[in-house]
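> No sequence on hand, only this structure:
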């Protein structure tokens, strides 16, 4: 017998995801960023601040995004002056990604906005058990 929709974990996750995505879009719209632009900018910024200058493939892997879509979004971020691509001295076919000064400022502001939106959305539900469950479901922890 099929589960009732409000008892189906997948169905509920779908609805939670849709609500959360709307909240993220609302938090990022004033900063003129889409959610995927934010993810790629923030991931590049985080990697840069931790001593890494990723190429497009490294960034897509770290962010969990499709490589071709990543390329398209990076072009848009580059046009906005938020990132720059530099030739990799060890492989002239590859480009290393660096956040510009403007991109770094926006990344910090956007991370703060997204974290505030997460706190408002999850409230007290963002306890360690929920985070551990989400990490496991996302494949970030063997489980």
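Received the coordinates, thanks. In this text the structure is predicted, and so the values were computed from the model without any measurement.
> what helix or strand is the residue most central in space within the chain on?
The centre of the chain sits closest to residue 39, judged by CA atoms, centre = their mean, with a distance of 2.5 Å. If you go by DSSP states H and E, residue 39 is part of helix 35-49.
> next SSE after that helix?
Downstream of helix 35-49 (by DSSP H and E), the next one is helix 56-63.
> The helix or strand following that next one - what's its average pLDDT?
Later in the chain than helix 56-63, the nearest helix or strand by DSSP H and E is helix 67-79. For helix 67-79, mean pLDDT is 97.
> pLDDT weak spots in the chain?
Where the chain drops to pLDDT under 70, the residues are 1-2, 124-125, 142-143.
> longest single helix anywhere in it?
When every helix of the chain is counted residue by residue (DSSP state H), the longest turns out to be helix 101-122.
> returning to what we had before: could you find the closest non-adjacent residue to the residue nearest to the centre of the chain?
Using CB to CB, 6 or more residues apart in numbering and skipping residues adjacent in sequence, the residue nearest residue 39 is residue 63, 5.3 Å away. In short, each C-beta sits where N, CA and C put it, glycine included.
> Quick check: the gap between the residue nearest to the centre of the chain and residue 46.
Look at residue 39 and residue 46: by CB to CB, to the nearest Å, they are 10 Å apart.
> likewise residue 11?
33 Å.
> ok, now residue 62?
Counting by CB to CB, the gap from residue 62 to residue 46 is 8 Å.
> same question, residue 34
Distance from residue 34 to residue 46, by CB to CB: 18 Å.
> ditto for residue 89
23 Å.
> higher neighbour count, those two?
residue 46 (15 against 8; other CB atoms under 10 Å).
> what residues are up against the closest residue to residue 107 other than its chain neighbours?
Nearest non-adjacent residue to residue 107, counting by CB to CB, 6+ apart: residue 45, 3.8 Å away. Residue 45 makes contact with 99, 103, 104, 107, 108, 111, according to CB atoms under 8 Å, 6 or more residues apart in numbering.
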